[in-house]
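Peer 1: below are the sequence and a predicted model; questions follow.
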Amino acid sequence: MRLDRIAVRYGRREPWVLRDVSLELDQGQLVRAAGGNGGGKSTLLRLVAGACEPDRGAVRERPARRAYVPERFPAALPFTAHDYLCHLGRVHGLHGAEPARRATAMLERLGAAAFAGTPLAELSKGTCQKVAVAQALVGDPELLVLDEAWTGLDQDARATLDAAVAERVEQGCTVLFVDHDPTRLAGLPALHWQVGDGSVTTDGSGPGSPNVVITVTGRPGGAKGLAELVGVSTVGEPSPDTVRLTADARHSDEVLRALLAEPVVHIARVEAGR
Ligand SMILES: Nc1ncnc2c1ncn2[C@@H]1O[C@H](COP(=O)(O)OP(=O)(O)OP(=O)(O)O)[C@@H](O)[C@H]1O
């Protein structure tokens, strides 16, 4: 999916929270969004999840099957935990006995089976957060957006959510998340979006994301146009006739193919990056 020159603000006289932001999210990509308080992370996640629309620009090719754990889960809904998850399962396109089966399984996996028949409004904060997570995992989303979804979970449930995210990414689900713990999901390759001052910069060097550094010589255009290649985070010209770029390892083959498609370019070196 793509964010195409989007802009968002909360009122005509208010400052732009996001301004002219263009981003791509590949299928199966894990992305961590980070930035200071009030920088616009939750706004960006709402926009990606489809929970709000931009004032300008467009979100294109957003997957139809998507799930979202918002920063604040609306706990006052008139359902028991199990009924709510069954309902969400049907919303996610599950049929027959499947919503109930998965609702039970998700509550068990998150250590909340004992609260299946409890009305949402009577749940503790932590159990309510487990239901918030379960509703996002009960279906088979192609896009999963997690806004501080680990906050309030006990250690076992946090580990369950870590594992569930790894499974979903492995299955090709795109996952965008914010979490205050900088080591969250650090073992998985992730892109890093830095959100603040109205813009989003992407450097691909988030915790745990392997990069490759590619050095090329002889390119007639120098570094021109290379920053636009998917997966490329930095491009520099350390000396005349030499261009060095950093690419997310997931995209390194495409980047190399694009470079080799240019007849006079010489790939001088490919090495593991930070
Ligand atoms: N519903 C809203 N109405 C008015 N202003 C809002 C609303 N939601 C967010 N804002 C404002 O938009 C800006 C960005 O908020 P947002 O919640 O997206 O940032 P954030 O990076 O997620 O912050 P935090 O890390 O504190 O959760 C802030 O100035 C915030 O006050």
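Peer 2: That came through fine. What you see is a predicted model; the values in this text were computed from it and never measured. Numbering: from 1, shown residues only.
Peer 1: I figured residue 169 hits residue 188, correct?
Peer 2: Yes - contact criterion CB atoms under 8 Å: residue 169 and residue 188 qualify, at 6.6 Å. C-beta coordinates here come from the backbone N, C-alpha and C atoms, glycine included.
Peer 1: who touches both of these two?
Peer 2: Listed as contacting both residue 169 and residue 188 by CB atoms under 8 Å, 6 or more residues apart in numbering are residue 30.
Peer 1: could you confirm residue 234 falls within a helix?
Peer 2: No - assessed with DSSP: H, G, I helix; E, B strand; the rest coil, residue 234 is strand; it does not lie in a helix.
Peer 1: can you list the residues of the chain near the ligand?
Peer 2: The chain has residues 10, 17, 35, 37, 38, 39, 40, 41, 42, 43 near the ligand, with proximity defined as CB under 6 Å from any ligand atom.
Peer 1: ok, for the last one, nearest residue in space, not its chain neighbours?
Peer 2: Right, the one you point to is residue 43. residue 17 (4.9 Å; CB to CB, 6 or more residues apart in numbering).
Peer 1: shouldn't residue 67 be within a helix?
Peer 2: No - assignment of residue 67 by three-state DSSP gives strand, placing it outside any helix.
Peer 1: run a quick neighbour tally on the residue nearest to residue 43.
Peer 2: Other residues within reach of residue 17, judged by other CB atoms under 10 Å, total 21.
Peer 1: got phi/psi on it?
Peer 2: phi -80, psi -40 (degrees, to the nearest 10).
Peer 1: my guess is it contacts residue 42, does it?
Peer 2: No - using CB under 8 Å as the test, residue 17 is too far from residue 42 to be in contact (9.5 Å).
Peer 1: all strands of the stretch 151-274 of the chain, in order?
Peer 2: 174-178, 191-196, 199-202, 211-217, 232-239, 242-248, 266-272 (DSSP state E, counting those that start in this stretch).
Peer 1: now those strands in a markdown table, with mean pLDDT?
Peer 2: Below are the strands of the stretch 151-274 of the chain laid out as a markdown table (pLDDT from 0 to 100):
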| stretch | mean pLDDT |
| --- | --- |
| strand 174-178 | 96 |
| strand 191-196 | 91 |
| strand 199-202 | 90 |
| strand 211-217 | 89 |
| strand 232-239 | 82 |
| strand 242-248 | 87 |
| strand 266-272 | 90 |
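Peer 1: a markdown table for the ones you listed, including distance to residue 259 and mean neighbour count?
Peer 2: Below are the strands of the stretch 151-274 of the chain laid out as a markdown table (distance: least, CB to CB, whole Å; neighbours: other CB atoms under 10 Å):
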| stretch | distance to residue 259 | mean neighbour count |
| --- | --- | --- |
| strand 174-178 | 26 | 24 |
| strand 191-196 | 21 | 20 |
| strand 199-202 | 20 | 17 |
| strand 211-217 | 6 | 20 |
| strand 232-239 | 10 | 15 |
| strand 242-248 | 9 | 23 |
| strand 266-272 | 6 | 12 |
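Peer 1: mean pLDDT per helix and strand in this protein: which one sits at the bottom?
Peer 2: strand 232-239 (a mean of 82; mean pLDDT, DSSP states H and E).
Peer 1: so what does it touch, helix or strand wise?
Peer 2: In terms of contacts (3 or more CB pairs under 8 Å, 6 or more residues apart in numbering; DSSP states H and E), strand 232-239 is packed against strand 242-248.
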